[in-house]
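J.: Compute the structure for the input listed below.
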Amino acid sequence: MQIYYPIAISVPPNKTTVLFFDSSQQKQLWVQALQKVMGYSNVFDFYSFEQTLGKGQFGLVKMATQIKTGQKVAIKQVKKKNMTHIEVFQQRREIEVLKMC
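T.: Below you'll find the model as predicted:
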């Protein structure tokens, strides 16, 4: 029996492609290559998170400190997994409004 190691690649709004690999090592190499091409970075590489400041419709707002400068910032953590199309639109609109501020 052959074991396959899948990667699901999702492109908004709802298009998903699943790639299957013969080994976990091969899968990990592809994950790393895809992350490099996409310019992937992890927010935890740049900020240390602290207490929760508040809760909104789309997620939590946390106090964080930028690791490089020590500057305090507020970061909104959003769970996108179960968002509807309308909620994605509302979230994008909120981001545009915040950019203007």
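
J.: can you pull out the helices in the chain?
T.: 24-38, 85-100 (DSSP state H).

J.: Contacts for the longest one, please.
T.: Same thing as helix 85-100. Outside helix 85-100, the residues that touch it by CB atoms under 8 Å, 6 or more residues apart in numbering are 12, 13, 57, 58, 78, 80, 83. (C-beta placed from N, C-alpha, C; glycine too.)

J.: could you dump these to a markdown table with distance to residue 46?
T.: Output for those, formatted as a markdown table (distance: CB to CB, whole Å):
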| residue | distance to residue 46 |
| --- | --- |
| 12 | 24 |
| 13 | 28 |
| 57 | 25 |
| 58 | 21 |
| 78 | 17 |
| 80 | 19 |
| 83 | 24 |
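
J.: can you list the domains in this structure?
T.: Residue ranges for the domains of the chain, per automatic domain parsing: 5-38, 43-100.

J.: Reformat those as JSON lines; add mean neighbour count and mean pLDDT.
T.: Shown next, in JSON lines, are the domains of the chain (neighbours: other CB atoms under 10 Å; pLDDT from 0 to 100):
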{"stretch": "domain 5-38", "mean neighbour count": "11", "mean pLDDT": "90"}
{"stretch": "domain 43-100", "mean neighbour count": "12", "mean pLDDT": "89"}
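
J.: No further queries at this time; thank you.
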